[in-house]
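Asker: Sharing a model prediction with you, sequence too.
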Amino acid sequence: MKQRAFTWALAGLAALASLAPQHAVQAQGLRSPGSSGGGLTRTPPPIMLPAPGSSLPRQADYIVAVVNSEPITNNDVRIRQARIEQQIAAQGGELPPRDRIGREVLERLILEKIQTQLATEGGIKVDDLAVTQAEQGVARQNSVTLEEMERRLAADGLTRERFRQELRSQLQLQRLREREVESRVRVTEADVDQFLRDQQTNADPSRTELNLGHILILVPEGSSPEVVEQRRERAQKAADEVRAGKDFGTAAREYSDAAEGKSGGELGLRPADRYPELFLSATRQAPVGGLVGPVRSPAGFHVLKVIERNRGGVPSVAVQNHARHILLRTGAQLSESAAAERLADYRRRIESGTADFASLAREYSQDGSAKDGGDLGWASPGRYVPEFEEVLSSLRPGEVSQPVVSRFGVHLIQLLERREAKLTPREQRDMVRDMVREKKLDEAYANWMQDIRGRAYVEYRDAPQ
């Protein structure tokens, strides 16, 4: 069971791809059908919360477009546009002309409206459990508590109910795209061979991929100079201990306030331009294995380790997880909430010692791994859908997760072991297969979007203001 990235974002923020660079650090996320190698996932765009004290514009409303008899209003466009402008400003990007943003936002809303209508017609629904899981993921991405997230949203005029509604809509659209697009994509051995030949012929020394270790010491907004200094000293202590020989992963688990700290602070191999410029400039001269920091950002103090630097596009070393799981498939006979309750009961029995994980997996799991007690074997980063992998990366060896929702159903996950391993040629070839699959998926998605847009009735009314 293999799967590409779970590509959801708060309504409209995906449009940023054409407006400003993405520099946020993400978590990746069971394996992709139709691929013998497994799914190296494209990292999903982050959902950035509104900055404290920000507000969205409000004005008299009117209809700007009608999509298959359903309206899109001027306020819909303005609210989305304001969020995009806030996102670009937060990333330090240059703001495009407002009329350009407005046009692109309107087209994005039209496409979303078409997809929402198709999803509804296709009976695609999203359970509250999946929305709650996504909501918690947004809080983790922004390194805030759920309470702080709700406070920022409220200050921005967005209630928690409306936010959850938008999350539900984006999850629904993602499930539609998975169903409609993924079945069209196939990767052959010839495709892999051609990619490798192209890599050798067109290798660009300037193309770099990085895997950084990260320790974040948060500095609360509005902190006094004394608190800031205390936070700096804590970051310096963490850096000094690593330089003195302490394992970086151990230090990250002990000191880091970032979500990845629980799993050792490793951010995973990704293109260099997917990292914040601060991280790139700080580590540019550092060798592999080198440590830099603390370096200051608006979020706090960062300690960074260069774990891997790869110019060829295919990593040679990766941190791998050995996990097992129990999967309950959901549908008309079993809702996600009911499946989660059943798995939570299994977890209580496992934790109390009255049941064995492997035995429960063999008896109840609805995955092909059931016969092996749910054992998934060793897997490199990117092999699982992001929501699965994010939880897996946060577990300690032997730990059992809470129920986790994915497109396949609801999972109970146990991490058995974690290791750093040199990838075999077969594993590296599998990762190339995943890169090719990602490219083909992008092309298939673009063609599908063009097709559904051409079949929809769209009437433009007054231009958005």
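Answerer: It's in. Numbering: from 1, shown residues only.
Asker: Name the SS class of residue 222, please.
Answerer: State at residue 222, reduced to three classes by DSSP: H, G, I helix; E, B strand; the rest coil: coil.
Asker: Neighbours of it, how many?
Answerer: Neighbour count for residue 222, taken as other CB atoms under 10 Å: 7. To be clear about C-beta, it is placed using only N, CA and C from the backbone, and glycine gets the same treatment.
Asker: swap in residue 257?
Answerer: Neighbour number of residue 257 under other CB under 10 Å is 16.
Asker: show me what contacts it?
Answerer: Neighbouring residues of residue 257 by CB atoms under 8 Å, 6 or more residues apart in numbering: 143, 216-218, 300.
Asker: which two from those residues end up farthest apart in space?
Answerer: 143 and 217 (11.2 Å; CB to CB).
Asker: Which one of the two is surrounded by more residues?
Answerer: residue 217 (25 against 15).
Asker: would the more buried one count as being in a helix?
Answerer: No. Residue 217: not assigned to a helix; according to three-state DSSP it is strand.
Asker: Could you report the separation of it from residue 390?
Answerer: Counting by CB to CB, to the nearest Å, the separation of residue 217 from residue 390 is 22 Å.
Asker: again, but for residue 397
Answerer: Residue 397 is 17 Å from residue 390, by CB to CB.
Asker: More neighbours: which of those two?
Answerer: More crowded of residue 397 and residue 390, by other CB under 10 Å: residue 390, with 23 against 12.
Asker: ok, the more buried one touching residue 134?
Answerer: No. Judged on CB atoms under 8 Å, residue 390 makes no contact with residue 134 at a distance of 11.1 Å.
Asker: pLDDT-wise, which helix or strand of this protein ranks last?
Answerer: For the chain, using mean pLDDT, DSSP states H and E, the weakest element among its helices and strands is helix 189-201, scoring a mean of 79.
Asker: Just the strands from the protein, written as ranges.
Answerer: 63-67, 70-73, 209-218, 270-271, 291-297, 300-310, 317-328, 375-379, 404-406, 409-422, 458-460 (DSSP state E).
Asker: for the longest one, which positions count as buried?
Answerer: It refers to strand 409-422. Neighbour counts using 16 or more other CB atoms under 10 Å place 409-416, 418 of strand 409-422 among the buried residues.
Asker: what does the fifth one give?
Answerer: Within strand 291-297, the residues that qualify as buried are 291-294, counting by 16+ other CB under 10 Å.
Asker: Out of those residues, give me the two with the largest separation.
Answerer: 291 and 294 (10.5 Å).
Asker: for the least confident helix or strand of the chain, the distance to its chain's centre please.
Answerer: Taking the mean of its C-alpha atoms, helix 189-201 sits 28 Å from the chain's own mean (CA atoms, centre = their mean, to the nearest Å).
Asker: Which elements pack onto it?
Answerer: Here helix 189-201 touches helix 425-455, going by 3 or more CB pairs under 8 Å, 6 or more residues apart in numbering; DSSP states H and E.
Asker: from the middle of its chain, how far away would the helix it packs on be?
Answerer: Centre to centre, stretch against its chain (CA atoms, centre = their mean), the figure for helix 425-455 is 17 Å.
Asker: Please identify the buried residues of it?
Answerer: 427-438, 441, 444-445, 448.
Asker: tell me the angle of it relative to helix 189-201?
Answerer: 100 degrees (axes from the mean of the first three to the mean of the last three CA atoms, to 10 degrees).
Asker: And the average pLDDT for helix 425-455 is what?
Answerer: Helix 425-455 shows an average pLDDT of 87 in the prediction.
Asker: Next, the angle from that helix to strand 317-328.
Answerer: With the same axes, to 10 degrees applied, the angle from helix 425-455 to strand 317-328 works out at 60 degrees.
Asker: Point out the other helices and strands that helix 425-455 packs with.
Answerer: Using 3+ CB pairs under 8 Å, 6+ apart, helix 425-455 sits against helix 98-121, helix 160-181, helix 189-201.
Asker: Export these as CSV, with columns for mean neighbour count.
Answerer: Below are the helices and strands packed on helix 425-455 laid out as CSV (neighbours: other CB atoms under 10 Å):
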stretch, mean neighbour count
helix 98-121, 18
helix 160-181, 18
helix 189-201, 13
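Asker: Select from those the stretch with the lowest mean pLDDT.
Answerer: Set side by side, those give their lowest mean pLDDT on helix 189-201, at a mean of 79.
Asker: close enough to count as contact, residue 457 and residue 65?
Answerer: No. The criterion here is CB under 8 Å, and residue 457 misses it with residue 65 at 10.8 Å.
Asker: higher neighbour count, those two?
Answerer: For residue 457 versus residue 65, neighbours defined as other CB under 10 Å are more numerous around residue 65 (23 against 9).
Asker: Burial check on the nearest residue to that one once chain neighbours are set aside, number of neighbours?
Answerer: Beyond its immediate neighbours in the sequence, the residue positioned closest to residue 65 (CB to CB, 6 or more residues apart in numbering) is residue 72, lying 4.5 Å away. Residues contacting residue 72 under the criterion other CB under 10 Å number 22.
Asker: what about residue 72, distance to residue 393?
Answerer: 38 Å.
Asker: cool, and residue 213?
Answerer: According to CB to CB, residue 213 and residue 393 sit 13 Å apart.
Asker: what's the burial count for residue 141?
Answerer: 21.
Asker: now swap in residue 185 and tell me
Answerer: Residue 185 has 21 nearby residues by other CB under 10 Å.
Asker: give me phi/psi at it?
Answerer: phi -100, psi 130 (degrees, to the nearest 10).
Asker: low pLDDT regions in the stretch 201-350 of the chain?
Answerer: 201-207, 311-315 (pLDDT under 70).
Asker: could you redo the last one with a cut-off of 50?
Answerer: Across the stretch 201-350 of the chain, the ranges flagged by pLDDT under 50 are 203, 205.
Asker: picking up where we left off before, out of the strands of the chain, nearest to residue 364?
Answerer: Counting by CB to CB, residue 364 lies closest to strand 317-328 out of the strands of the chain; the figure is 6.1 Å.
Asker: Describe which strands the closest one pairs with in its sheet and in which direction.
Answerer: Its sheet considered, strand 317-328 pairs with strand 375-379 (antiparallel), strand 409-422 (antiparallel) by DSSP bridges.
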